[in-house]
Structures are given as C-alpha cells and as structure tokens.
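Chemist: coords below, sequence missing:
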C-alpha cells in the first residue's frame, strides 16, 4: 500500500511554462502553493519545452521538483503527440503515482490502471456559447475535455457551475467531481502605499475616481452592458477598462459613437503588468463585471481582496465568487447595471460595508485551504 507521505505526482505543466494569463496563472498558483504546503512529496513537471518564464522562479527553490521534457527523437519531433498520446510511457518509467492534468485534458491512458489520473476542468463555455468559437476549435475542445472527463479517476471543477456543466454535457457521476476554487495572485492581497498608487495613477493618466472593468474585450464579457448603462446614470464617473482587445473592440467603438459617449470618459489601458494591476483595483470606486458566463471569475476575487465593491451578474458562477455582499444584476439590463453603480457611488457607507464584507468572504479562497482540499483528493485516490 502506498505511503501517503511518499507520493510521486506528475503534472501537465505546459500552460505553466507557456501561458502568461488564465490557465497559466492557475497552473503556477496551484503548483507554488502545493510545493510550499506539502514538501514531502516528489513532483514532476511535464512540458514540451522549458521556457524562461519569470513567474516560475519558485521552482528552483524546491529540491523535490523535477522538470521533464521529451527524450526520444520521435517525441522531441512531435511534442504534441508526446503530450497527448505517448506521455503515459514516460509516467510509468518515472514511477508516477498520480498525474494531474491542470488544463482540461489528460494523455491517453492504458488499461493497467497503475497511475491515477486527475483533471481540472475550468469551464465548458464552448458548449454553452458555441457561436463564440470556431467549429474546428469546438471539435478539438470537446474531444479533449470529454475524453478527460470520461477517463480521469477524479475531476476537479473550479466552480459548482462548472461541476453542473460537466454533469449535464458529459453525463458524469457527481461523486467523481470535486469543486475546488481558485485563488488569485498574491499581489492583490497587498496594500500598496499612496506613493506607489499615485505613481501608477500618473503613469496611466487615471482620474481621481473611476469605474473599473477588467477582462478580455469580447462579446461574452459584456462590456457593452456597462457602456449602455453610462448615459442612464446620474454619476458621470469615467470608466477604466483593462483587457486584451479582440475584433469585438471594433463593435465597441461604433457603439460608443451611437451612444454619444465622450471618448475621454472611457479609458482603455494596455500593457498593465501584474505588479501594476492591484493598485488600479485599489484606486477604483467600484468594479463592474457584467459577464454573461464564466467558469469562475478571478477578477471578482481580485476586486474583493482590493477592498473594491463588486457589481456582477446574476446566475452562473458569480454568486460563488462574489459572495452575499456583492451586488448582482441582470447583465442584459442597462438600467439595472446603471442603477446599481449609482447606488454604490452615492453611499460611502455602502461602499465601506461591501469592501469589508467582500474582503472577509475572499478568505475562503486562501491558498492553504484550497491546497488542503487538493491534497485530500490526491490522498483519497
């Protein structure tokens, strides 16, 4: 019988090395917290190639962590094939006890059952909103996600909403799915000095007070819902938007003209680093996130830790992330969004109450708690 204090765990670490947001952040945060809280295990990170990612510098401080890349000529040439099909041969050779696919997929597994497989499923948005994805991408995602859900020994969903989607779309038994939430980057949990925040304000030419929206500028994030609310509001605070632009940004520009919104009232920021973003949250008067659907909603957690009142959408995973003291609105109702913003901006008491309660609620996403939940999954296997 395997000694629980002597496990050897492998990870699909491709995203940790190659992605700088989203799945990459999830992978790095999970690994960092696991290494710091459970040093008795041996950890192997399997990646097609090792990149010089400064966000992975913590790996070098742990002697029980190894980085593994393809070794045979075939696997070196066809790295995708190694990661998706041939990886189990390497895992068996390395005597891995548990393999965790951190980003919605696991390699093809044999029938001997020597290795236990865990997969994290982040969301099935491509199933709920297929029109937002290319047909070929949907087919690839569905094949990988479905295989992982059907063949993993245990599935980790990053929210109860994602858990419900896995059950609905792939007919998976509920007892094979464990919800373990995400945390956010440690930078958002720090209080930055007035001097630092003022430096950030000047660098990005930010106003003294503003409404904040963070997220990729795409249809699902529903930035247009905030813009349509602005002419209806009694407050005339500017809107600061932080997020990568997509083709949807062209639609946004046209709609701003139709709504007769002063271009100076909407400030689009670019090249904002993970060191700068927390100050932008902390200086905001209110954070508005009227997305139609998310797997979880990390920006909400970032705002809660920043003591910034949150307005987000009803339904989906948003109550899980926002907690009982955030304000939830119908994302299709510009009137409701505008009224919620006005109500918060017009009451310092409400702002303070939401900030304190939100910060307290965010403690349920602390790394130590989430890491212990993850260790429980590994040990139960």
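Modeler: It's in. In this text the structure is predicted, and so the values were computed from the model without any measurement. Numbering: from 1, shown residues only.
Chemist: in the chain, which segments are predicted with low confidence?
Modeler: 1-5 (pLDDT under 70).
Chemist: Domain-wise, how is it divided?
Modeler: Following automatic domain parsing, the chain resolves into domains at 4-183+366-380, 186-364.
Chemist: which residue ranges form the helices in the stretch 1-150 of the chain?
Modeler: 14-18, 23-37, 73-77, 79-81, 87-93, 125-128, 135-151 (DSSP state H, counting those that start in this stretch).
Chemist: Then the stretch 251-381 of the chain?
Modeler: Under DSSP H, counting those that start in this stretch, the stretch 251-381 of the chain gives helices at 277-283, 298-305, 318-322, 334-345, 348-361, 367-380.
Chemist: Tell me which of those helices is the most buried.
Modeler: Mean neighbours per residue, mean count of other CB atoms under 10 Å, is largest over the helices of the stretch 251-381 of the chain for helix 298-305, with a mean of 26. C-beta here means a position set from N, CA and C on the backbone, and glycine is covered the same way.
Chemist: For that helix, which outside residues touch it?
Modeler: 25, 182-185, 188-189, 212, 214-215, 277-278, 281, 284, 287, 289, 309-310, 312, 318, 321-323, 326, 358-359, 361-362, 365 (CB atoms under 8 Å, 6 or more residues apart in numbering).
Chemist: Just the terminal-to-terminal distance for stretch 314-329.
Modeler: Start-to-end span of stretch 314-329 (CA to CA, to the nearest Å) is 5 Å.
Chemist: and it, how far out from the chain's middle?
Modeler: Offset of stretch 314-329 from its chain centre (CA atoms, centre = their mean, to the nearest Å): 16 Å.
Chemist: for stretch 316-334, same thing?
Modeler: With CA atoms, centre = their mean, you get 17 Å for stretch 316-334.
Chemist: Stretch 312-324 now?
Modeler: With CA atoms, centre = their mean, you get 15 Å for stretch 312-324.
Chemist: Please apply the same query to stretch 373-381.
Modeler: 21 Å.
Chemist: residues in contact with it?
Modeler: 4, 7, 9, 30, 34, 37-38, 98, 116, 118, 153-154, 156, 178, 180.
Chemist: can you check stretch 166-184 too?
Modeler: 26, 29, 33, 121, 124, 127, 145-146, 149-150, 152-160, 162-163, 296, 298, 301-302, 305, 320, 364-367, 370, 373-374, 377.
Chemist: ok, now which ones touch residue 358?
Modeler: Contacts of residue 358 (CB under 8 Å, 6+ apart): 303-304, 307-310, 322-323, 325-326.
Chemist: which of the residues you listed has the most neighbours?
Modeler: residue 303 (32 neighbours; other CB atoms under 10 Å).
Chemist: got the contact list for the residue lying closest to residue 153 once chain neighbours are set aside?
Modeler: Once flanking residues are discounted, residue 153 sits nearest to residue 116: 4.8 Å by CB to CB, 6 or more residues apart in numbering. Counting by CB under 8 Å, 6+ apart, residue 116 touches 97-99, 153-154, 381.
Chemist: Show me which of these are buried.
Modeler: By neighbour count, with 16 or more other CB atoms under 10 Å, those hold 97-99, 153-154 as buried.
Chemist: out of those residues, which one sits closest to residue 139?
Modeler: residue 99 (24.8 Å; CB to CB).
Chemist: Can you tell me the number of residues neighbouring the residue nearest to that closest one when sequence neighbours are not counted?
Modeler: Nearest residue to residue 99 in three dimensions, chain neighbours excluded: residue 10, at 4.4 Å (CB to CB, 6+ apart). Residue 10: 25 surrounding residues under other CB under 10 Å.
Chemist: ok, now the one 5 residues further on?
Modeler: Using other CB under 10 Å, the number of residues around residue 15 comes to 21.
Chemist: Please verify my assumption that it contacts residue 21.
Modeler: No - checked against CB atoms under 8 Å, the pair residue 15 and residue 21 is beyond contact range at 10.0 Å.
Chemist: Need the overlap of contacts for the two.
Modeler: Joint contacts of residue 15 and residue 21 (CB under 8 Å, 6+ apart) do not exist.
Chemist: Check the gap between residue 370 and residue 381 for me.
Modeler: Counting by CB to CB, to the nearest Å, the gap from residue 370 to residue 381 is 18 Å.
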